[in-house]
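[1] coords please:
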Amino acid sequence: MNQLVQDITSGKIKLVIEKEYSFEKVLDALEITETRHARGKLVVKM
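    Here you go, the predicted structure:
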């Protein structure tokens with residue numbers, strides 16, 4: 001786990017965030033995930 005964090009921090013691994021959703025829109029994010037239309041990570045803000 002520590003190696004993973006180091007790789008992300010150093011830029012060796014890049015995470016792609018497709019979209020951020022408010023907690024109220026969590027069902028929209030879930031629908032995108034279930035239909036496999038997400039090309040990156042979906043973030044739900046709480």
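
[2] quick one: the spatially most central residue of the chain and residue 8, what's the gap?
    In the chain, the residue lying closest to the centroid (CA atoms, centre = their mean) is residue 41, at 2.4 Å. As judged by CB to CB, to the nearest Å, residue 41 and residue 8 stand 12 Å apart. Every C-beta, even on glycine, is put in place using the N, C-alpha and C of the backbone.

[3] With residue 42 instead?
    Counting by CB to CB - residue 42 and residue 8 are separated by 18 Å.

[4] of those two, who's got more company?
    More crowded of residue 42 and residue 8, by other CB atoms under 10 Å: residue 42, with 16 against 12.

[5] okay, that one: pLDDT?
    For residue 42, the model assigns a pLDDT of 89.

[6] who's it bridged to?
    residue 19 (DSSP bridges).

[7] so what's it up against?
    17, 18, 19, 20, 21, 29, 32, 33 (CB atoms under 8 Å, 6 or more residues apart in numbering).

[8] any idea of the pLDDT on the fourth one?
    This points to residue 20. 95.
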